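Engineer: Predicted coordinates and the sequence they were generated for:
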Amino acid sequence: MAQFKRKSIFQNTTRESVMARPRIPISQKIFDKVLKIPESGCWIWLGTVTNHGYGTMTFGRNKNISAHRASYELRHGPIPDGMLALHHCDIKCCVNPDHIFLGTQQANMDDKVCKNRQANGVKHGMSKLTEQQAKEAKFGNEKPIELAKRFNCSATIIRQIRNGLYWKHLENKA
Ligand SMILES: [Zn+2]
């Protein structure tokens with residue numbers, strides 16, 4: 001038996017909401033929406049992604065759940081209260097349950113510090129911008145779409161930098 005309180009993200013669904021929908025197994029809903037990358041083993045979520053970069057899906061009626069947490073729970077069981085589902089691969093929209101591990105907020109911070117060291121700025125695989133451009137993206141007032149035109153990149157990247165997803169280490173200095 002569980003030693004501590006476990007609350008599955010699937011639990012709060014009412015009987016009514018389950019009945020109201022066709023019965024597509026949640027596992028099927030996940031597997032239908034991933035692109036599997038053979039090289040890394042990542043399952044890239046092709047559904048909706050939050051501003052923070054995590055996959056999200058609807059479950060039951062009007063309930064949004066986190067796709068990587070759902071995937072983890074399907075494989076390993078409920079995530080205990082207060083625990084975060086973290087990524088070994090550092091790809092937030094990856095939903096491969098084997099790439100996800102549980103940790104506390106502190107573990108999450110330690111993990112980020114460690115990974116930031118490896119993925120700083122220009123060495124980051126997603127980065128095509130110079131550090132100066134990234135600073136403008138992160139701290140400037142120009143609209144993402146305008147910056148994107150000027151830097152010849154996608155406005156999404158600009159928004160993600162502004163939201164702190166990439167180039168996290170930049171500080172607001174000239
Ligand atoms: Zn992965």
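Structural biologist: Arrived safely, thanks for sending. Numbering: from 1, shown residues only.

Engineer: now the residue positioned nearest the centre of the chain, nearest residue through space, not along the chain?
Structural biologist: With distances taken as C-alpha atoms, centre = their mean, Tyr54 lies nearest the centre of the chain, 2.3 Å away. Nearest residue to Tyr54, sequence neighbours excluded (C-beta to C-beta, 6 or more residues apart in numbering): Lys92, at 5.1 Å. No exception for glycine: its C-beta is placed from N, CA and C like everyone else's.

Engineer: Tell me the secondary structure of the one you found, please.
Structural biologist: Three-state call for Lys92 (DSSP: H, G, I helix; E, B strand; the rest coil): coil.

Engineer: show me the contacts for the nearest residue to Asn96 once chain neighbours are set aside.
Structural biologist: In this structure, Asn96 finds its nearest non-sequential neighbour in Trp43, 4.2 Å apart by C-beta to C-beta, 6+ apart. By C-beta atoms under 8 Å, 6 or more residues apart in numbering, the contact set of Trp43 is Val34, Leu35, Lys36, Ile37, Ser71, Cys94, Val95, Asn96, His99.

Engineer: Now the two most distant members of those residues.
Structural biologist: Greatest spatial distance among the contacts of Trp43 (C-beta to C-beta): Ile37 and Ser71, at 15.1 Å.

Engineer: Looking at those two now, which is surrounded by more residues?
Structural biologist: More neighbours surround Ser71 than the other of Ile37 and Ser71, with 27 against 14 (other C-beta atoms under 10 Å).
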